[in-house]
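**Q** with the input below, show me the fold.
(2 chains)
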There are 2 protein chains.
Amino acid sequence: MAGIQYEIMETIAVISESPKGWTKELNLISWNGREPKYDLRDWAPDHEKMGKGITLTKEEVLQLKKSLENFS
Amino acid sequence: MAGIQYEIMETIAVISESPKGWTKELNLISWNGREPKYDLRDWAPDHEKMGKGITLTKEEVLQLKKSLENFS
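**A** Residues are numbered from 1 along each chain as shown, chains lettered A, B, ... in the order given. Coordinates of the predicted model:
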């Protein structure tokens, strides 16, 4: 991920933690100083490394929330 | 993605569609015949190609749902 700068503006949720301390988090992240996006991703302890993830717009997060209303 | 086989067992949500017809979907997918996992990912029209994504356990989806309760 050389050359990629990011700033975690807000942590919405930490949805799991692995035995090695990696966490799966939904954050609001600004990548390379751009407008922040929602981001669901695995992180090493202290955010030292990042795993695979997916970025989401606010509208996508809201639609996801709505779609999960009946999920159990 | 050569060599990866998958079967979409259930589509939980289609949370957006791009102008080119790519959709962001939460599906329950079995990869290479293994136990299905929840999967949030971009897909080309007719699922011809897949974009980046992240897999989730059921517990992670439930925690995500709970965490989004106050999201607006």
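**Q** need the distance between the two termini of stretch A:31-42.
**A** Stretch A:31-42 stretches 16 Å from its first residue to its last (C-alpha to C-alpha, to the nearest Å).
**Q** now do the contacts for A:Ile29.
**A** Listed by C-beta atoms under 8 Å, 6 or more residues apart in numbering or on different chains, the contact partners of A:Ile29 are A:6-9, A:36-39, A:55. Using the backbone N, CA and C atoms, a C-beta is placed for each residue, glycine as well.
**Q** residue for residue, what is the longest strand chain A has?
**A** As assigned by DSSP state E, the longest strand anywhere in chain A is strand A:6-17.
**Q** tell me the strands beside that one, with direction?
**A** strand A:23-31 (antiparallel) (DSSP bridges).
**Q** next SSE downstream of the strand it pairs with?
**A** Counting by DSSP states H and E, the next helix or strand C-terminal to strand A:23-31 is strand A:37-43.
**Q** helix/strand/coil for A:Gly3?
**A** coil (DSSP: H, G, I helix; E, B strand; the rest coil).
**Q** report the beta-bridge partners for A:Arg41.
**A** Under the criterion used (DSSP bridges), A:Arg41 bridges to A:Glu25, A:Gly53.
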